[in-house]
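Undergrad: Sequence below, structure please.
(chains A, B, C and D)
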Number of protein chains: 2
Amino acid sequence: MTTRLQAELKQGKPFASPEHEAILSIARTASVLEHGVVETLKPFGITPTQYNVLRILRGAGREGLCRNAVRDRLVARVPDATRLLDRLAEAGLVARDRDTADRRYVTTCITPAGLDLLARLDQPIAQLHRHQLGRLGARKLGTLIDLLADVREAAARPE
Amino acid sequence: MTTRLQAELKQGKPFASPEHEAILSIARTASVLEHGVVETLKPFGITPTQYNVLRILRGAGREGLCRNAVRDRLVARVPDATRLLDRLAEAGLVARDRDTADRRYVTTCITPAGLDLLARLDQPIAQLHRHQLGRLGARKLGTLIDLLADVREAAARPE
DNA sequence: TGTAGATATATGTTATAACACGTATAGTAG
DNA sequence: CTACTATACGTGTTATAACATATATCTACA
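TA: As a prediction, this is how the structure comes out:
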């Protein structure tokens, strides 16, 4: 039997195990979906990671968040949040201030320009998401979300 | 209601839509799983992309594959397969030869050193995969694999 | 032929990711 | 109040990703 993923990857031999096929399926799907996001964001001059940071900071509101708080809320691990925020600050999309009470912290807030950019992106991104998986239906989406949470829980358990 | 993903990302507000939550779930899960692979491969000095190339070339056997064939079989889009193969060749894990019949093609084959490296990795990687999602069971894995193929199919459809 | 177009790969350049290390501030035990 | 540790952030460096462009080879057709 040939699975759909095998056909996509032009792979003749079957996968070594169901676990292996599942892991490649997740990676492949994430890559395909991200590619769509990259293309949608490109005309606006930002990357998916930068877009996620802006959304996080919009959610945080006027109080903003410190560097590590932003980092911990990102879906993908980034080892250099400082320069990620540097670039957004350089583009005028966020602003930073050192905390007065505890001077170790640097609080980052989204600027009006950042909010404006997000406002212009909300509709195209929502449309992309509907295009990418609007056909699945609420039931399948719910099952998928649950299964993926199961996967992350299983993967996070100690040895 | 607070979903599991919301808790992981320390996010107060609910997601904008089920589609958005699904997309973030996929990206998050892929990131978590890849991190495990990165850590497993690190002692061996290769990245997940390089590991995938070696597996592809092992599957191709003695005949090897040309550059674009390797590129098209990778799970994630890589825009610079030439230098990806350059690095593997420099490490002695693959060997390249220009095709004699059609001199545009460069055929890449895995070397004995590359096969040896893969042989040493097969067991740790299989163990990692069992650790990451062995607990899910065949039924849930099958459902997950099917749903993800549905997602990719939906995302690939034209406008 | 021989010439335009298609295909396959390579190269130059810039931005970002990844890692190691360094600095500043705050809490804490003696 | 001093030294020690922990925490939060910054910087230097290297490797890789991403993009645009160039080169070589083949194919098809006038």
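Undergrad: I'd guessed residue A:155 sits against residue B:131; true?
TA: Yes: Residue A:155 is within contact range of residue B:131, at 7.5 Å (criterion: C-beta atoms under 8 Å). From N, CA and C alone the C-beta is placed, and that goes for glycine too.
Undergrad: Quick one: mean pLDDT over the top helix by length along chain A.
TA: Under DSSP state H, the helix in chain A containing the largest number of residues is helix A:18-41. Mean pLDDT, helix A:18-41: 96.
Undergrad: Would you mind pulling up the elements that that helix packs against?
TA: Helices and strands in packing contact with helix A:18-41 are listed as helix A:4-8, helix A:48-60, helix A:112-133, helix A:138-156, helix B:18-41, helix B:112-133, helix B:138-156; criterion 3 or more C-beta pairs under 8 Å, 6 or more residues apart in numbering or on different chains; DSSP states H and E.
Undergrad: near chain B at all, the fourth one?
TA: Yes: where contact is defined by C-beta under 8 Å from any C-beta of the partner chain, part of helix A:138-156 touches chain B, namely A:138, A:140-145, A:147-156.
Undergrad: Pull the residues that contact that helix.
TA: Counting by C-beta atoms under 8 Å, 6 or more residues apart in numbering or on different chains, the neighbours of helix A:138-156 from elsewhere in the structure are A:22, A:26, A:133, A:136, B:3-5, B:8, B:18-19, B:21-22, B:25-26, B:28-29, B:32-33, B:36, B:131-136, B:140, B:143-144, B:147-148, B:150-151.
Undergrad: residues touching the closest residue to residue A:76 other than its chain neighbours, list them.
TA: Spatially, and ignoring its direct neighbours in sequence, residue A:76 is nearest to residue B:31 (4.3 Å; C-beta to C-beta, 6 or more residues apart in numbering or on different chains). Counting by C-beta under 8 Å, 6+ apart, residue B:31 makes contact with A:30, A:75-77.
Undergrad: Which one of those is nearest to residue B:82?
TA: The shortest separation between residue B:82 and any of the contacts of residue B:31 is 24.6 Å, and it belongs to residue A:30 (by C-beta to C-beta).
Undergrad: tally of neighbours for the spatially closest residue to the closest one that is not a sequence neighbour?
TA: Once its chain neighbours are removed from consideration, residue A:30 has its nearest residue in residue B:30; the separation is 3.6 Å (C-beta to C-beta, 6+ apart). A count of neighbours around residue B:30, defined by other C-beta atoms under 10 Å in any protein chain shown, yields 26.
Undergrad: cool, and the one 4 residues further on?
TA: Counted by other C-beta under 10 Å, the residues lying close to residue B:34 total 18.
Undergrad: ok, it touching residue A:28?
TA: No: with contact taken as C-beta under 8 Å, residue B:34 and residue A:28 are classed as non-touching, separated by 12.0 Å.
Undergrad: Ramachandran angles for residue A:101?
TA: Dihedral angles phi and psi of residue A:101 (degrees, to the nearest 10) take the values phi -70, psi -60.
Undergrad: Same check on residue A:104?
TA: Phi and psi for residue A:104, reported as degrees, to the nearest 10, are phi -80, psi -30.
Undergrad: Which pLDDT does the model give it?
TA: Turning to residue A:104, the model gives it a pLDDT of 96.
Undergrad: Kindly report the same for residue A:159.
TA: Looking at residue A:159, its pLDDT reads 62.
Undergrad: Flag the shaky bits of chain A, pLDDT-wise.
TA: Along chain A, segments meeting pLDDT under 70 span A:159.
Undergrad: Spatially central residue in it, please.
TA: If you average the C-alpha coordinates of chain A and look for the closest C-alpha using C-alpha atoms, centre = their mean, you land on residue A:75, 4.9 Å from that point.
Undergrad: now that one: how far from residue A:49?
TA: Noted for residue A:75: a distance of 9 Å to residue A:49, by C-beta to C-beta, to the nearest Å.
Undergrad: near DNA strand C, which residues of chain A?
TA: Taking C-beta under 7 Å from any atom of the strand as the test, the list of chain A residues beside DNA strand C reads A:47, A:49, A:77-80, A:83-84, A:87, A:101-104.
Undergrad: mind redoing it with 6 Å?
TA: Where chain A comes near DNA strand C, counting by C-beta under 6 Å from any atom of the strand, the residues are A:49, A:78-80, A:84, A:87, A:102-104.
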